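Undergrad: Need a 3D model of the sequence below.
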Amino acid sequence: MSLAVILAFLTGGTSVALINLYKWWVERRDRLAEGKVPSVLKDLHEVYHVINIVLRETEAHRVVINRVENGGAIPMVGKDLYESVVFEAYDGEMKSVKKGWQRQVLDEVHVRMLLKIAEKQNVTFRTSKMAACSVKDNHEANNVVVSDAYTIKSMEGAFYYLCVHFNEEGKMNSEYRDLLRYAVNTLNKLIGN
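TA: Predicted coordinates:
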């Protein structure tokens, strides 16, 4: 029997918990003093770095990463799906939508759009041709003319995709597509791991 188990038994676990808390605090303090950044912060930095590259190197005005979820349950008829903007970069031509697009209940048209994205891996949507839905309302309110969407990752409990927003017809040439392949590949490695 280990000393920790004996102490836990004799003291009701309080001493062991305090000792473990103290050890954690000392280790954390030492890591911070050494300048080591936790890997999750490095990953967050890299995600923002990638979406800012996409924003800067294309004629896009906003780049968002969306997460679609249903609270972790198996998707079923009659159960709502929710979407949130989890990462965002934008220029002066468009404003932020991250704060206002959290746990948005998806309407039927939006769900069909997501199915296309999941099936084809990349879909370009023109706001003027969208059926009436919450996304069209949001795009019109924010002057989004074209939205180019890419599947990042589908995993248990969540679906992530990248959206590149333009306020005019953008140059979606081979250089653009190559950059987006790099971005999606990199984001796939960073998100949800």
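Undergrad: which regions of this structure sit below the pLDDT cut-off?
TA: 1-42, 71-78, 170, 192-193 (pLDDT under 70).
Undergrad: And the helices in it, which stretches?
TA: For the chain, helices defined by DSSP state H occupy the ranges 3-11, 14-33, 39-57, 108-120, 134-141, 174-190.
Undergrad: Distance of residue 124 relative to residue 46?
TA: According to CB to CB, to the nearest Å, residue 124 and residue 46 sit 26 Å apart. Placement of C-beta: from N, CA and C, glycine included.
Undergrad: Residue 62 touches residue 101, doesn't it?
TA: No. Taking contacts as CB atoms under 8 Å, residue 62 lies outside contact range of residue 101: 11.4 Å.
Undergrad: More neighbours: those two, which one.
TA: residue 62 (26 against 18; other CB atoms under 10 Å).
Undergrad: Outline the domain layout of this protein.
TA: Using automatic domain parsing, the domain parsing of the chain gives 3-33, 39-190.
Undergrad: burial of residue 148, as a residue count?
TA: Neighbours around residue 148, by other CB under 10 Å: 21.
Undergrad: ok, how many other residues are close to the closest residue to residue 128 other than its chain neighbours?
TA: Computed as CB to CB, 6 or more residues apart in numbering, the closest residue to residue 128 that is not its neighbour in sequence is residue 145, at 7.5 Å. Residue 145: 16 surrounding residues under other CB under 10 Å.
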